[in-house]
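# Sequence and computational prediction follow.
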2 protein chains.
Amino acid sequence: MEVISDVSSLQDRADRHRADGLRIGLVPTMGALHRGHLSLVETARARTDRVYVSIFVNPTQFNDPADLNGYPRTLESDLAACRKAGVDVVFTPTADEMYPPGCQTTVAVDELAGPLCGATRPGHFRGVTTVVSKLLSAAKPHVAVFGEKDFQQLAVIRRMARDLLMDVEIVGAPTVREPDGLAMSSRNENLDAEARAQATVVPRAIDAVQAAFRSGERNAAQLVALAEAEIAKSARAEVDYLELRDPETLRPAPPELEGETLLAVAVFMRPPGVAAGGVRLIDNCLLDPRQRAESKSESLSFRTVCQETPQ
Amino acid sequence: MEVISDVSSLQDRADRHRADGLRIGLVPTMGALHRGHLSLVETARARTDRVYVSIFVNPTQFNDPADLNGYPRTLESDLAACRKAGVDVVFTPTADEMYPPGCQTTVAVDELAGPLCGATRPGHFRGVTTVVSKLLSAAKPHVAVFGEKDFQQLAVIRRMARDLLMDVEIVGAPTVREPDGLAMSSRNENLDAEARAQATVVPRAIDAVQAAFRSGERNAAQLVALAEAEIAKSARAEVDYLELRDPETLRPAPPELEGETLLAVAVFMRPPGVAAGGVRLIDNCLLDPRQRAESKSESLSFRTVCQETPQ
């Protein structure tokens, strides 16, 4: 496994792989690697000949300095995990390498970046699209893989790649979950034991909505109320947003759901009696009316989904 | 010569050239090709193995719809000129090809795009950087060539390429001039005979400043006044801006010039008594204090420069 920290060496490496006819798959990460990331590596490997992982905690996508400072950094164990997973190249740039002196260029997706996480975290997606466009320029991949847990991020990056005519395939990989249903996230490490235990209200809320949807419920307010009731079972969880939206445009869903619909949730897990801060967790699922016929006899709970994911 | 109008065919063509070890040079144009463009082609040819020319009148960089509608379109003669110049690939996309349905992504350079043309033409450079990033994704060149006549555009594009870690060399090529000194521009075609004759006040203004600078004048206000006096000799010319700036940062030059300094000029050539519209012409030169010693004995007027440019 090669570890490269400067852009021009990475571009040379990519040029040589490309000249040899090898397809490159990039998995951009902010480190603190967990099984979710490793499933992205597997997805990349299945589609390409060489897997590159970038590890860079991108300062421009943090709207909250406390969140940036508290973000877990575990480079040594990340490198070990990449080695074990058979990653070919790890890219670990410094901030100066990614943001050259005098840097003043940004890449922005407009409408898709507005709601949901974009509303709570001003400038977040501009930071994401800017850094991802740089990582794509640096690693020159044929395929780049992102987790579906960050659904809006995936939609925004897909839109950016299409709009800017980038010759790269953006691939989404299914969310990987803990045995109790919690979506894997580097931020889970920042939860205390009580908050960790209560964080399961998030996947349970999604589970409840999915079950009701499969049973035929199409009223958006009813479905949202079901989710809110689940999340209210935790004294530590405060809803940031809980919304039903069009999965392509991210526009609000109609009062009676029609086509495929995104349920997107963000909660803050906060100490009791505290009004701000805490650990922010996000999750989502797609409600697909075409699956209705098979729904009643099947249990598609998160525990089942978890067993289906790699590793 | 191949004429390609869709992005994926162009990317395939570029991939094949790259796989064959051939270096690609891109000359982005809006058509209405003149000798200035052909000198860009020569610059690209001297540095690469295959020259691509794109011809696309980019709607998003026109802040004024009348300017967009009036922009000359001469595709047939442009193709003939490219063929004669030995261009290998011409890319002639439609607006839908460059801006896919639902397109909402922009690339923006901040500080450099603010003054000069950025102040007069709001959104102009955002349109330029967005379309150039698309053209670079589509043509995958090793080198892209832009005219120094559009000095700020060149500075903004260089900044974008560096900031976004694009693996492309941005090359500036010297301004090509008519025998009377007027910088070649597709917009010159829109000048009536009187305005065309009087437009020489622009290169004369630059000439006057350059001569005074070579004689040792370093006072910014004096140098600007010299240029203004030249431009005032035309009843048809109205100054849009006439400024001395740092050529790297585009920040205003100090009252007494120190290092290399950009003189940048924009004028509107307007019918007598008309307050708006007209044909907007831009020009510039670099004032380089290191050239002072040799200055007094040499005539570096635009006529001399003109004879030195290709063709």
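It's in.
# residue contacts, A:Thr105?
Taking Cβ atoms under 8 Å, 6 or more residues apart in numbering or on different chains as the contact definition, A:Thr105 lies against A:Thr130, B:Val107, B:Ala108, B:Val109, B:Asp110, B:Thr129, B:Arg159, B:Met160, B:Asp163, B:Leu164. All C-beta atoms are positioned from the backbone trio N, CA, C, and that covers glycine.
# gap between the residue nearest to it when sequence neighbours are not counted and B:Ser54?
Counting by Cβ to Cβ, 6 or more residues apart in numbering or on different chains, A:Thr105 lies nearest to B:Asp163, which is 3.6 Å off, once chain neighbours are set aside. Taking Cβ to Cβ, to the nearest Å as the measure, B:Asp163 falls 22 Å from B:Ser54.
# okay, those two: which has more neighbours?
Just comparing B:Asp163 and B:Ser54: by other Cβ atoms under 10 Å in any protein chain shown the higher neighbour count belongs to B:Ser54, 27 against 24.
# so where is chain A shaky, pLDDT-wise?
For chain A, the stretches with pLDDT under 70 are A:292-311.
# quick one, domains of it?
The record, using automatic domain parsing to delimit domains, assigns chain A the ranges A:2-173, A:186-308.
# Can you say which of those domains is packed in most?
The highest mean neighbour count among these, using mean count of other Cβ atoms under 10 Å in any protein chain shown, belongs to domain A:2-173: a mean of 20.
# hmm, back to that, closest to B:Gly70 among the contacts of A:Thr105?
When the contacts of A:Thr105 are compared for distance to B:Gly70 (Cβ to Cβ), B:Thr129 wins out at 23.5 Å.
# hang on, that closest one in a helix?
Yes: B:Thr129 forms part of a helix when assessed by DSSP: H, G, I helix; E, B strand; the rest coil.
# how about the contacts of A:Thr105 in JSON lines, adding distance to A:Leu182 and secondary structure?
JSON lines is the format used below for those (distance: Cβ to Cβ, whole Å; DSSP: H, G, I helix; E, B strand; the rest coil):
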{"residue": "A:Thr130", "distance to A:Leu182": "30", "secondary structure": "helix"}
{"residue": "B:Val107", "distance to A:Leu182": "37", "secondary structure": "strand"}
{"residue": "B:Ala108", "distance to A:Leu182": "38", "secondary structure": "strand"}
{"residue": "B:Val109", "distance to A:Leu182": "41", "secondary structure": "strand"}
{"residue": "B:Asp110", "distance to A:Leu182": "40", "secondary structure": "coil"}
{"residue": "B:Thr129", "distance to A:Leu182": "41", "secondary structure": "helix"}
{"residue": "B:Arg159", "distance to A:Leu182": "43", "secondary structure": "helix"}
{"residue": "B:Met160", "distance to A:Leu182": "41", "secondary structure": "helix"}
{"residue": "B:Asp163", "distance to A:Leu182": "38", "secondary structure": "helix"}
{"residue": "B:Leu164", "distance to A:Leu182": "36", "secondary structure": "coil"}
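# For the residue of the stretch 1-150 of chain A found nearest chain B, which residues count as its bridge partners?
Among the residues of the stretch 1-150 of chain A, A:Thr105 lies closest to chain B, at 3.6 Å counting by Cβ to the nearest Cβ. Counting by DSSP bridges, A:Thr105 forms beta bridges with B:Val109.
# Next: A:Val89.
As for beta bridges, A:Val89 partners with A:Glu2, A:Tyr52 under DSSP bridges.
# So it sits against A:Ser54, correct?
No: applying Cβ atoms under 8 Å, one finds A:Val89 not in contact with A:Ser54, separated by 9.1 Å.
# Can you check which residues contact both of these two?
Common contacts of A:Val89 and A:Ser54 (Cβ under 8 Å, 6+ apart): A:Ala139.
# residue contacts, A:Glu189?
For A:Glu189, the contacting residues are A:Ala32, A:Pro72, by Cβ under 8 Å, 6+ apart.
# Kindly report the same for A:Ala161.
Contacts of A:Ala161 (Cβ under 8 Å, 6+ apart): A:Leu136, A:Ala144, A:Val168, A:Ile170.
# What are the boundaries of the helices in chain A?
Residue ranges of the helices in chain A, as given by DSSP state H, are A:7-19, A:35-47, A:65-70, A:75-84, A:95-98, A:117-120, A:124-139, A:151-163, A:193-198, A:201-214, A:220-231, A:292-295, A:302-308.
# Out of those helices, which gets nearest to A:Gly277?
Distance to A:Gly277, taken as Cβ to Cβ, is lowest for helix A:65-70 among the helices of chain A, at 6.9 Å.
# just how off-centre is the closest one within its chain?
18 Å (Cα atoms, centre = their mean, to the nearest Å).
# Looks like A:Cys103 contacts B:Asp163 (just checking).
Yes: counting by Cβ under 8 Å, B:Asp163 is a contact partner of A:Cys103 at 4.7 Å.
# Quickly list what's touching both of these two.
Common contacts of A:Cys103 and B:Asp163 (Cβ under 8 Å, 6+ apart): none found.
# Can I get the domains of chain A in CSV including distance to B:Arg218?
Shown next, in CSV, are the domains of chain A (distance: least, Cβ to Cβ, whole Å):
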stretch, distance to B:Arg218
domain A:2-173, 26
domain A:186-308, 56
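# right, so of those, which gets closest to B:Lys233?
Here domain A:2-173 is closest among those (Cβ to Cβ), at 38.5 Å.
# for chain B, what are the nearby residues on chain A?
A:7, A:11, A:18-19, A:21, A:98-100, A:102-112, A:129-130, A:133-134, A:137-138, A:140, A:159-160, A:162-167, A:249 (Cβ under 8 Å from any Cβ of the partner chain).
# Kindly provide the distance from the nearest residue to A:Phe146 once chain neighbours are set aside to A:Ser215.
Excluding the flanking residues, the one nearest A:Phe146 by Cβ to Cβ, 6+ apart is A:Leu154, at 4.8 Å. As judged by Cβ to Cβ, A:Leu154 and A:Ser215 stand 28 Å apart.
# quick one: A:Ala142 and A:Val128, what's the gap?
One thing to correct before we go on: residue A:142 is His, not Ala. 21 Å.
# re the thing from before, which ones are touching the residue nearest to A:Phe146?
Here A:Leu154 is in contact with A:Phe146, A:Gly147, A:Glu148, A:Ile170, A:Gly172 (Cβ under 8 Å, 6+ apart).
# so the last one touches A:Glu148, yeah?
Yes: counting by Cβ under 8 Å, A:Gly172 does reach A:Glu148; the two are 4.7 Å apart.
# Please list all residues in contact with the residue nearest the centre of chain A.
With distances taken as Cα atoms, centre = their mean, A:Asp150 lies nearest the centre of chain A, 2.6 Å away. Contacts for A:Asp150 were tallied using Cβ under 8 Å, 6+ apart; they are A:Ile282.
# A:Arg245 too?
A:Arg245 neighbours (Cβ under 8 Å, 6+ apart): A:Pro115, A:Leu116, A:Arg251, A:Pro252, A:Ala253, A:Thr261, A:Leu262, A:Ala264.
# Report the beta-bridge partner residues of the nearest residue to the fourth one once chain neighbours are set aside.
Spelled out, it's A:Pro252. Leaving aside its chain neighbours, A:Pro252 sits nearest to A:Arg245 (5.8 Å; criterion: Cβ to Cβ, 6+ apart). As for beta bridges, A:Arg245 partners with A:Pro252, A:Leu262 under DSSP bridges.
# From A:Asp207, how far out is A:Arg245?
Going from A:Arg245 to A:Asp207 by Cβ to Cβ gives 19 Å.
# What of A:Arg47?
Counting by Cβ to Cβ, the gap from A:Arg47 to A:Asp207 is 30 Å.
# do the same with A:Tyr99
In this view, A:Tyr99 and A:Asp207 are 41 Å apart by Cβ to Cβ.
# Kindly report the same for A:Pro101.
For A:Pro101, the distance to A:Asp207 - Cβ to Cβ - is 49 Å.
# likewise A:Asp6?
For A:Asp6, the distance to A:Asp207 equals 46 Å [Cβ to Cβ].
# Great, nothing more from me.
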